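> sequence and predicted structure are below.
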Amino acid sequence: NVWIVGGSVPERDGACIYNTCVVVNNLGVIVGKHRKVHLFDIDVPGKITFKESDSLTAGDAPTLVDSPWGPIGVGICYDM
């Protein structure tokens with residue numbers, strides 16, 4: 001009775017690319033999909049600039065998946 005929480009992977013949806021994590025149940029069915037909400041953008045003058053928002057689109061909701069063991073909250077990196 002194994003479930004898989006896998007990600008993060010790039011997911012294209014139309015013109016948008018999301019940083020996505022999927023939840024697959026023991027029957028191989030995708031029962032949840034989380035798109036990273038809080039993209040990591042940083043600009044430290046003279047040091048580093050990195051902007052996920054230059055290439056990714058932010059998701060718009062938290063993800064909660066019902067499982068046989070209870071609800072599972074899914075987040076990616078900076079969403080935490």
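Thanks, I have the structure now. Numbers count the residues shown, from 1 in each chain.
> and the residue in the chain sticking out farthest from the centre, how far from Phe40?
Residue farthest from the centre of the chain, counting by Cα atoms, centre = their mean, is Gly46 at 30.2 Å. For Gly46, the distance to Phe40 (Cβ to Cβ, to the nearest Å) stands at 19 Å. (C-beta placed from N, C-alpha, C; glycine too.)
> just Pro71 next, same as before
For Pro71, the distance to Phe40 equals 26 Å [Cβ to Cβ].
> show me which of those two is the more surrounded one.
Legend: neighbour count by other Cβ atoms under 10 Å for Pro71 and Phe40, higher for Phe40 (15 against 8).
> the more buried one is in contact with Ile76, isn't it?
No: applying Cβ atoms under 8 Å as the test, Phe40 and Ile76 come out as separate, 10.0 Å apart.
> tell me where this structure has strands.
Assigned by DSSP state E, the strands in the chain fall at 4-13, 16-24, 30-35, 41-44, 48-51, 63-65, 72-74.
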